[in-house]
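**Q** Quick one, fold the following:
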Amino acid sequence: MPQVKSSGIDTIKDLLILSNAIGDKVHREKSSLYTNINEAYGSGVVTVTKISKDITNLMFDVTLDDEFELCLSGNNSSSIDFIYCLEGSMSHKFKNAKSYERINFRQNSIISRPPKTKSVLKFPANIPLKISITSYTPDKYIDDICETELERMREKVLYLMSQMYLSHDYRYLGRICFKTATFVQEALKYSFQTSAEILFKEAAILNILASQIDRHDKDTKSDLSEAPIRQSEIDKIIALENFISNNLSEDLSVNRLIKLSGLNASKLQKGFSYLFDDTICSYIKDKRLDKAATLIRETDLNVSEIVYSVGFSSRSYFTKIFSKRFGMLPSKCISNPELLMA
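**A** Below is the predicted model of the structure:
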């Protein structure tokens, strides 16, 4: 199993280490640094983006032929790693621990690296992976020579916030966070071809960081850090959510979901409330409306065809809830899809 040791801080050095281990070479495109996975180890690309002197993002869009370990070292600085698996999952352990803890699909994960400690991430083989690792390394002292007042405020806020994560071997494996998924998708979408793309990508990475902090704070204040059901049942609900997302046109009644998952109605509701902060029916309705909006933007389907495609049985009901959600009739959006892009 290939193993790479990295600081997660020095952008160019870290990518060179990764490139020498499993990549071809380091490529630079304007502000972008990336390496393609050597075909002997799999396929895909690893991209590094340095947002500021204290924030760096590693983005993996890969499928590996063998398991791979990334060992992040704290060196003389404290760092916090905000990890998010948009696709697939991975495992984590502190260097001296005997066993790994799994980081699940779309689970909000925050792990500290105090000075001189090591954090090991294991990437599985033969599974498509899209993983964001945003590392924040706060300065010991706030820089008084920031270029702008806004920059100084951001640095101070991040520094003060980070203190709660920097306890020894701090690891938070929380709830699934779909808001973060949207920002990871955005970060993967944009390259560095134009000035606008650079800004969009950097904004997406900062939003990844902000959304993970926001979910952590809300969960800890609401005492939602402990799951109300077993891990094996959480795995079933994650698999069920994947089925729902890929089969929105089908019958997704609670009775059918009970049969598919093998969980009773109570555990389904508890699981959806814990993972997605929503009821099953409300979650499915919102997913169907999101899909309807996508179909309006990307296809020439009429209202009746869209109603059928996203699993609604009543056109009038669809029109009512669509208008409530988006503030306009679906027929008006079909005539002018740009209304949904505003």
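
**Q** quick one: F183 from A203, how far?
**A** 9 Å (CB to CB, to the nearest Å). Just so you know, the C-beta spots here come from the backbone N, C-alpha and C atoms, and that holds for glycine as well.

**Q** Remind me which helix or strand T47 belongs to.
**A** Assessed by DSSP states H and E, T47 sits inside strand 42-50.

**Q** Could you list every helix and strand in contact with that strand?
**A** Under the contact definition 3 or more CB pairs under 8 Å, 6 or more residues apart in numbering; DSSP states H and E, strand 42-50 sits against helix 11-22, strand 32-37, strand 55-64, helix 195-221.

**Q** Would you point to the one among the ones you listed that's packed deepest?
**A** strand 55-64 (a mean of 22; mean count of other CB atoms under 10 Å).

**Q** after that one comes which helix or strand?
**A** Tracing the chain past strand 55-64, the next element assigned as helix or strand by DSSP H and E is strand 68-73.

**Q** On the C-terminal side of that following strand, identify the next helix or strand.
**A** Using DSSP H and E, the helix or strand that follows strand 68-73 in sequence is strand 79-87.

**Q** can you list the weak-confidence ranges in this protein?
**A** Scanning the chain for pLDDT under 70 picks out the ranges 1-12, 30-32, 74-76, 139-169, 192, 223-226, 341-342.

**Q** domains of it?
**A** Using the TED database, the domain ranges for the chain come out as 3-221, 231-340.

**Q** For L173, see how far away L72 is.
**A** L72 is 16 Å from L173, by CB to CB.

**Q** So which residues of this structure form helices?
**A** 11-22, 149-162, 178-189, 195-221, 231-246, 254-261, 265-276, 280-298, 303-309, 315-326, 330-335 (DSSP state H).

**Q** quick one, which of those helices is nearest to N108?
**A** Between N108 and the helices of the chain, the tightest spacing by CB to CB is seen for helix 195-221, at 4.8 Å.

**Q** Distance from the chain centre to the closest one, please.
**A** Offset of helix 195-221 from its chain centre (CA atoms, centre = their mean, to the nearest Å): 10 Å.

**Q** so what secondary structure elements neighbour that helix?
**A** If you count contacts as 3+ CB pairs under 8 Å, 6+ apart, helix 195-221 packs onto strand 42-50, strand 55-64, strand 79-87, strand 107-113, strand 129-136, strand 171-176, helix 178-189.

**Q** For S119, find the nearest of these.
**A** With CB to CB as the criterion, S119 lies closest to strand 107-113 of these, at 5.1 Å.

**Q** buried sites along the strand holding T47?
**A** Neighbour-count burial for strand 42-50 flags G42, G44, V46, T47, V48, T49, K50 (criterion: 16 or more other CB atoms under 10 Å).

**Q** what's the distance between that strand and the middle of its chain?
**A** In terms of CA atoms, centre = their mean, the centre of strand 42-50 is set 15 Å apart from its chain centre.

**Q** Ok, stretch 193-210 next?
**A** A distance of 15 Å separates the centroid of the chain from that of stretch 193-210, by CA atoms, centre = their mean.

**Q** Quick check: which of the domains of the chain is buried the most?
**A** Using mean count of other CB under 10 Å, domain 3-221 ranks as the most buried of the domains of the chain, with a mean of 17.

**Q** Please compute how far that one lies from its chain's middle.
**A** Put simply, domain 3-221 sits 10 Å off its chain's centre (CA atoms, centre = their mean).

**Q** Ok, stretch 217-234 next?
**A** Distance, stretch centre to chain centre, for stretch 217-234: 18 Å (CA atoms, centre = their mean).

**Q** now what about that stretch, what contacts it?
**A** Contact with stretch 217-234 is made by N104, N108, Y172, G174, R175, I237, L263, K267, K270, G271, Y274, L275, as judged by CB atoms under 8 Å, 6 or more residues apart in numbering.

**Q** First residue to last residue on it, what's the distance there?
**A** With CA to CA, to the nearest Å as the measure, stretch 217-234 spans 21 Å from end to end.

**Q** do the same with stretch 110-122
**A** Stretch 110-122 has an end-to-end distance of 16 Å (CA to CA).

**Q** picking that back up, which two in the contacts of stretch 217-234 are spaced the farthest apart?
**A** Largest separation among the contacts of stretch 217-234 by CB to CB: Y172 and L263, giving 25.6 Å.

**Q** just to revisit the earlier point, with distance to I208 added, can I get the helices and strands packed on helix 195-221 in CSV?
**A** Converted to CSV, the helices and strands packed on helix 195-221 look like this (distance: least, CB to CB, whole Å):
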stretch, distance to I208
strand 42-50, 11
strand 55-64, 7
strand 79-87, 7
strand 107-113, 11
strand 129-136, 6
strand 171-176, 15
helix 178-189, 5
